[in-house]
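> Prediction below, plus the sequence it came from.
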Amino acid sequence: MNELQNRYIRNQILSTPLKLDQELTHKDKKFNKRSDYDNIIKYIDDFLEGENINRFLVLPGLRDVGKTTLLFQIYDYLLNKKGISSQDILYFSCDRFKKIGDVDIFSVVNSYLETYHNSIIETLSKPVFILVDEAQYDKDWALNGKLIFDGSKNIFMIFSGSSALKLSHNPDAARRLLNIPIYPLTYSQHLKLKYGDFKNDISNPLIQMIFDGNIYDVNELERRIINIYSNFSNYNIYEWKNFLEFGGFPSSFYQNTNDITKKIVNMVDKVVTTDMTNIEGINNDTQYLAFQILNFFAFQNPGEVSKGSISNHFDAKIALVTKVLDILEKTQLIFHIEPFTSSVKRTTKPYEYFFATSSLKHNLILNIGNATFEDETAYMGKLLETYVASSFHDLDNKSQMNYKIYYDDSKKKSSEKNVDFIVQRGLEKPIPIEVSCGKKNKSQIKRAINTYNSPHGIIISNTTSNIVKEDNIIYLPPETFAFM
């Protein structure tokens, strides 16, 4: 095993620099970089300048969101921008290592240092970089990362992995690691990767406008958006619709829709049948229930769902339903939002569940049935609602400010409907959000503004191509909102 391990390490040191072009280009065109890249590079630069606190980064995320490409881009940055020797950078994937024996990241790093630096972890005297893909295949990844972190301040580590459950929730390394979840692409990231890099100086003003209700700079905001689109060559006018149905994953840029559907469905299958097998107490019955619940959510209209109703629907124990939902959330396939009510009442109320990206919902439906079984406008509205929910959910997870999204749980007459969402920044007044494709009645948003004593409300709708404010209601085009 030791000889096989050393041979593999040697092969990685020699071959990784030679693989950069094929890993980072398509048809001789170099991949653009997502915003997470800039975030990670900042920590690397700080490390090279002597900062040694944030030197253990963990990148959990769904399969196929681009984590491996991100690691190769970081390798390329170290090698070609910072002039780091290839012998001072070790990239390896734990799923490949598993084919030659038990995976032990600590052992691999020690062997690498002995061979290439005549050192052990504790005596290393120069900076080195360890980039580990599919880290969850080492069942002790967190403990091994902790031991390496504690053993040397000269090692910068990045662990990525598809199983967000194991990578995000492990106490052994919690105080050492910096968790940077890699989410499916937002629309602005999608445009950046597909059509060309641009500075998204629209996001912060949009967030400010949504929460402050100030549209004074709206003309400048829309001018910037027009300028971004004007620099794209071969732009597809159906790009927004295509994104809602098939976007979120970089591989979708180079495949037809049938292949995208197969790839997304296959990814979901692997999360349930492979990633979930690493969890104690998971068996075939549990996996089957996970598939049932995912398909149930795919066809269901957005709305509150109690665990009891799911339990009755599938004739499964509530404890098992609770466990499966918790696992599916931790794998980042789905997330939940809670009702906007007091914290005490919130624990007794059902949740609303959404997919991490609208394309998950769409392609699971395509795989089972027909996505056009209803009015297309209403159907696209459901995909848009999923995208809006995921945008605010991701904003809360990525930002240092507390951004929360809830569903509207206010009491109503049988003839009235609640708005789709309530969003809140910190302890500020809540802002009601209504989402639609097609004309929308203002009565719901007006009632919500009065109910919650909100300064204004937002309607995200394709009925307008510009940002418009009428009284205390802001109308926001979906493609504009997507730059948030």
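Now that the structure is in, tell me what you want to look at.
> Now do stretch 209-227, average pLDDT.
Computed over stretch 209-227, the mean pLDDT rounds to 92.
> which of the residues in it are buried?
209, 210, 211, 213, 218, 221, 222, 224, 225 (16 or more other CB atoms under 10 Å). (Glycine included, C-beta is placed from N, CA and C.)
> cool, stretch 275-289 as well?
Within stretch 275-289, the residues scored as buried using 16+ other CB under 10 Å are 275, 276, 282, 286, 287, 289.
> dump the residue contacts of the residue most central in space within the chain.
Residue closest to the average C-alpha location in the chain (CA atoms, centre = their mean): residue 183, at 1.3 Å. Each residue near residue 183 by CB atoms under 8 Å, 6 or more residues apart in numbering is listed here: 61, 65, 332, 356, 390, 394, 397, 398.
> likewise residue 137?
Per CB under 8 Å, 6+ apart, neighbours of residue 137: 94, 95, 97, 98, 103.
> looking at this, the fourth one is in a helix?
Yes: when DSSP: H, G, I helix; E, B strand; the rest coil is applied, residue 98 is found to be in a helix.
> Helix, strand, or coil at the residue nearest to the centre of the chain?
With three-state DSSP as the basis, residue 183 sits in coil.
> Pull up the per-residue confidence for it.
92.
> what does residue 277 give?
For residue 277, the pLDDT comes out at 77.
> how near is it to residue 436?
41 Å (CB to CB, to the nearest Å).
> same thing with residue 263?
30 Å.
> Tell me which of these two has more neighbours.
residue 436 (21 against 18; other CB atoms under 10 Å).
> For that one, which residues are in contact?
Residue 436 touches 381, 384, 459, 460, 461, 462, 463, counting by CB under 8 Å, 6+ apart.
> Could I get the buried residues of stretch 209-227 in JSON lines, plus columns for distance to residue 203 and secondary structure?
Shown next, in JSON lines, are the buried residues of stretch 209-227 (distance: CB to CB, whole Å; DSSP: H, G, I helix; E, B strand; the rest coil):
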{"residue": "209", "distance to residue 203": "11", "secondary structure": "helix"}
{"residue": "210", "distance to residue 203": "11", "secondary structure": "helix"}
{"residue": "211", "distance to residue 203": "13", "secondary structure": "helix"}
{"residue": "213", "distance to residue 203": "17", "secondary structure": "coil"}
{"residue": "218", "distance to residue 203": "15", "secondary structure": "helix"}
{"residue": "221", "distance to residue 203": "11", "secondary structure": "helix"}
{"residue": "222", "distance to residue 203": "14", "secondary structure": "helix"}
{"residue": "224", "distance to residue 203": "11", "secondary structure": "helix"}
{"residue": "225", "distance to residue 203": "11", "secondary structure": "helix"}
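> Let me know the closest of the contacts of residue 137 to residue 113.
When the contacts of residue 137 are compared for distance to residue 113 (CB to CB), residue 97 wins out at 16.6 Å.
> hang on, isn't that closest one packed against residue 8?
Yes: Residue 97 is in contact with residue 8 according to CB atoms under 8 Å; the separation is 6.8 Å.
> Between those two, which is the more surrounded one?
A direct count of neighbours by other CB under 10 Å for residue 97 and residue 8 places residue 97 higher, at 24 against 18.
> Buried ones in stretch 102-113, by neighbour count?
For stretch 102-113, by 16+ other CB under 10 Å, it's 103, 104, 105, 106, 107, 108, 109, 110, 111, 112, 113.
> Between those residues, which sits nearest residue 305?
The closest of the buried residues of stretch 102-113, once distances to residue 305 are taken by CB to CB, is residue 103, at 38.0 Å.
> what's the closest non-adjacent residue to that closest one?
Distances taken as CB to CB, 6 or more residues apart in numbering put residue 138 closest to residue 103, at 4.3 Å, once the chain neighbours are dropped.
> ok so, going back, mind picking the one among the buried residues of stretch 209-227 that's closest to residue 481?
Of the buried residues of stretch 209-227, the one sitting nearest to residue 481 (CB to CB) turns out to be residue 210, at 8.3 Å.
> ok, now which ones touch the closest residue in space to that closest one that isn't next to it in sequence?
Spatially, and ignoring its direct neighbours in sequence, residue 210 is nearest to residue 458 (5.9 Å; CB to CB, 6+ apart). Residues counted as contacts of residue 458 (CB under 8 Å, 6+ apart) are 210, 431, 432, 433, 434, 445, 473, 474, 476.
> What's the first helix or strand after the helix or strand where residue 458 lies?
Using DSSP states H and E, residue 458 maps to strand 457-461. The first helix or strand that comes after strand 457-461 along the chain, using DSSP H and E, is strand 468-470.
> Appreciated, that's everything.
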